[in-house]
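Chemist: all I have is the shape, not the residue letters:
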């Protein structure tokens, strides 16, 4: 994953909305200091809220926060309803951005509306003035928009509240939400999660860009993004901008944005698609049903929290059961520790075996026959490729979380694996060649020289395993045990002859140990020397390693496949998604 699209509410924020301020369009005040004009704003907003049956809580957190604030201010929903009779309602939809209620109040039919200020203000023609109302002028509209922006800049989610008298009892529809009289604005607060800023910082250090998706006003989104450390000088793109963009334009814009505001579920899907089409491996996290489509589409879908909806959980690859955004960082750490172990094991197996092939081929070309017979090669693979490689693959991560976060996909399976395979192959073949040549120069016959080369081949591969194990007891034990098993097989006369080897005296063992030490020294020193080389030799070595590396990047590669079930601390896997 190299980009994470995070729904703001409930993911980056606590998801606990509370009404902090009420404005009559001129002055905003806290709940403790409500005037009659401010109380009327809450009353109209309650009329616009959806009805519930059998005492069930209202499903939307904004409505729940409004009802809680009304009760705190002594504005009872029951008191409001006792004076009016609901006739119809228009539920909230992201594409509509408002909700409305139609009711009869003291013989009059009233349409009450609450929703996004930029949607409702153009539909308002009047605002209260004394005991009556006054037509809105262009200057008044500008002042009201500036007032909304000032609230949004403080991180509030702002809703406009308006109403008008109607002449008919027919159902509410969009065409009837017009010629409204503005009552005022509601300012809701949803504080960021305490760990969100640090988690975003750590994800960025891991090479994962974080993009916030929200239905809030762009100014509100920008204020929250700044608080989370997400702004970074990038622009905020609104849902209305997305509607006017082609897919190609959205692909280009998505790379220059850290925040998308006033987005609908359809917008979220388009954003995920645009990022995928630009070659990104996309994660999507959210907790609501409106996030489910984007979660399902993303390469890594994450449902956050126990309060996440069934739709979000069903669509996700990972369910963060504790609702902690830092658990996503834990998931990245665990995933990357897995790939570090895979890289070490794959480079050990492929690099070592390629070294054996190079040595065997070079010896056959030089002397007319292979220095090692088939049984010796089988013994070598049995000793060096079984227990040590398995222990290396299964060892728990000893690195710190920060070090593992730095092991991104490119450094784990890209250039690092390519270089390690090439280095292991060259050092292994070189150490064996050195041992075989030194043994022949000391007068040993080909069969005995081959045994010395076999010891050096095994020794240098096992020392590389010890270095990769970084002190793991399991790796150390398997490597030392494997070396002991090889020495026992070579030095026991009957067993040694079975494999076509010859028991070695002090000279042969010393030559094998010296070649192993030289190969190990080269394995640790050559990477430092390679960094001092000019670019052309480095490119040559890279191409050589890529030819040996089955995980090296190919044209069109780099995209994640289907979701896989997994488990990390605080994370439960959910797989079997349809693509």
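Modeler: Arrived safely. Being a predicted model, the structure only gives us computed values, none of them experimental.

Chemist: C-alpha only now, for contacts and for neighbours.
Modeler: Will do.

Chemist: low-confidence bits of the chain, can you list those?
Modeler: Counting by pLDDT under 70, the chain shows low-confidence ranges at 52-59, 76-83, 231-233, 397-401, 408-414, 530-579.

Chemist: domain ranges for it?
Modeler: Listed domain ranges for the chain are 17-189, 196-324, 330-548 (source: automatic domain parsing).

Chemist: in the stretch 1-150 of the chain, which spans are helices?
Modeler: Using DSSP state H, counting those that start in this stretch, the helices of the stretch 1-150 of the chain run over 36-48, 61-72, 77-82, 117-120, 138-153.

Chemist: just say which of those helices is most tucked in.
Modeler: Mean neighbour count, computed with mean count of other Cα atoms under 10 Å, is highest for helix 36-48 among the helices of the stretch 1-150 of the chain, reaching a mean of 22.

Chemist: doesn't residue 359 lie inside a helix?
Modeler: Yes: checked against DSSP: H, G, I helix; E, B strand; the rest coil, residue 359 lies within a helix.

Chemist: residues contacting the residue nearest to residue 220 when sequence neighbours are not counted?
Modeler: Residue nearest to residue 220 in three dimensions, not counting chain neighbours: residue 152, with 4.3 Å by Cα to Cα, 6 or more residues apart in numbering. Contact analysis of residue 152 by Cα atoms under 8 Å, 6 or more residues apart in numbering lists 158, 217, 219, 220, 223.

Chemist: same check on residue 462?
Modeler: Residues near residue 462 by Cα under 8 Å, 6+ apart: 384, 388, 479, 480, 483.

Chemist: quick one: the first one is in a helix?
Modeler: Yes: with three-state DSSP as the criterion, residue 384 is located in a helix.

Chemist: that one: neighbouring residues, count only.
Modeler: Per other Cα atoms under 10 Å, the neighbour tally for residue 384 reads 26.

Chemist: same check on the fourth one?
Modeler: Counted with other Cα under 10 Å, the burial measure for residue 480 works out to 15 neighbours.

Chemist: the second one now?
Modeler: Under the neighbour criterion other Cα under 10 Å, residue 388 is assigned a count of 26.

Chemist: ok, the one 5 residues further on next?
Modeler: As a burial measure, residue 393 scores 20 neighbours (other Cα under 10 Å).

Chemist: which helix or strand contains it?
Modeler: helix 387-394 (DSSP states H and E).

Chemist: quick check: next helix or strand after that helix?
Modeler: Following helix 387-394 in sequence order, the next helix or strand is helix 401-405 (DSSP H and E).

Chemist: show residues contacting that next one.
Modeler: Residues outside helix 401-405 that contact it (Cα under 8 Å, 6+ apart) are 202, 203, 205, 206, 332, 333, 336, 337.

Chemist: got it, and stretch 189-208?
Modeler: Contact with stretch 189-208 is made by 1-4, 9, 11-20, 155-157, 209-210, 224, 227-230, 325-326, 329, 405-408, as judged by Cα under 8 Å, 6+ apart.

Chemist: in it, what counts as buried?
Modeler: Within stretch 189-208, the residues that count as buried by 16 or more other Cα atoms under 10 Å are 189-193, 196-197, 199-204, 206-208.

Chemist: if we can go back for a sec, need the contacts of residue 152 in CSV (columns: secondary structure).
Modeler: Formatted as CSV, the contacts of residue 152 follow (three-state DSSP):
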residue, secondary structure
158, strand
217, coil
219, helix
220, helix
223, helix
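
Chemist: ok, those vs residue 435, which is closest?
Modeler: Nearest to residue 435 among those is residue 223, at 67.1 Å by Cα to Cα.

Chemist: what sits against that closest one?
Modeler: 152, 153, 154, 155.

Chemist: mind running it again at 7 Å?
Modeler: 153, 154, 155 (Cα atoms under 7 Å, 6 or more residues apart in numbering).

Chemist: can I get the contacts of residue 152 in a markdown table including distance to residue 267?
Modeler: Listed next are the contacts of residue 152 as a markdown table, based on distance: Cα to Cα, whole Å:
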| residue | distance to residue 267 |
| --- | --- |
| 158 | 21 |
| 217 | 15 |
| 219 | 18 |
| 220 | 18 |
| 223 | 21 |
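
Chemist: closest to residue 311 among those residues?
Modeler: Closest to residue 311 out of these is residue 217 (25.6 Å), distances taken as Cα to Cα.

Chemist: what packs against the host helix or strand of residue 477?
Modeler: For residue 477, the element it lies in under DSSP H and E is helix 473-491. Here helix 473-491 touches helix 374-385, helix 387-394, helix 446-469, helix 493-498, going by 3 or more Cα pairs under 7 Å, 6 or more residues apart in numbering; DSSP states H and E.

Chemist: out of those, which is the most enclosed?
Modeler: Ranked by mean neighbours (mean count of other Cα under 10 Å), those are led by helix 446-469, with a mean of 25.

Chemist: pull the distance from that one to the chain's centre.
Modeler: For helix 446-469, the separation from the chain centroid amounts to 42 Å (computed by Cα atoms, centre = their mean, to the nearest Å).

Chemist: over to stretch 516-531?
Modeler: With Cα atoms, centre = their mean as the basis, the distance from the averaged C-alpha position of stretch 516-531 to the chain average is 36 Å.

Chemist: what are the buried residues along it?
Modeler: 516, 517, 518, 519, 520, 522, 523.

Chemist: can you check stretch 303-319 too?
Modeler: By 16+ other Cα under 10 Å, the buried positions in stretch 303-319 come out as 303-305, 308-309, 311-319.

Chemist: would you format the residues you listed as a markdown table with distance to residue 109 and secondary structure included?
Modeler: Converted to a markdown table, the buried residues of stretch 303-319 look like this (distance: Cα to Cα, whole Å; DSSP: H, G, I helix; E, B strand; the rest coil):
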| residue | distance to residue 109 | secondary structure |
| --- | --- | --- |
| 303 | 43 | strand |
| 304 | 43 | strand |
| 305 | 43 | coil |
| 308 | 39 | coil |
| 309 | 37 | coil |
| 311 | 38 | helix |
| 312 | 40 | helix |
| 313 | 43 | helix |
| 314 | 43 | helix |
| 315 | 43 | helix |
| 316 | 46 | coil |
| 317 | 49 | coil |
| 318 | 49 | strand |
| 319 | 47 | strand |
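
Chemist: how close does residue 340 get to residue 404?
Modeler: 8 Å (Cα to Cα, to the nearest Å).

Chemist: equivalent analysis for residue 137, please.
Modeler: 60 Å.

Chemist: next one: residue 462
Modeler: The gap separating residue 462 from residue 404 is 24 Å, by Cα to Cα.

Chemist: of the contacts of helix 401-405, which belong to helices?
Modeler: Among the contacts of helix 401-405, the ones falling in helices (DSSP state H) are 202, 203, 205, 332, 333, 336, 337.

Chemist: which other residues reach stretch 518-531?
Modeler: Contacts for stretch 518-531 (Cα under 7 Å, 6+ apart): 423, 427, 428, 431, 460, 463, 464, 538.

Chemist: pick out the most distant pair among those.
Modeler: So, the contacts of stretch 518-531 by Cα to Cα: farthest apart are 463 and 538, at 25.4 Å.

Chemist: separation between residue 498 and residue 25?
Modeler: Following Cα to Cα, the distance that separates residue 498 from residue 25 is 95 Å.

Chemist: swap that for residue 92, please
Modeler: Between residue 92 and residue 25 the computed distance is 23 Å (Cα to Cα).

Chemist: cool, residue 473 as well?
Modeler: As for residue 473, its distance to residue 25 is 70 Å (criterion: Cα to Cα).
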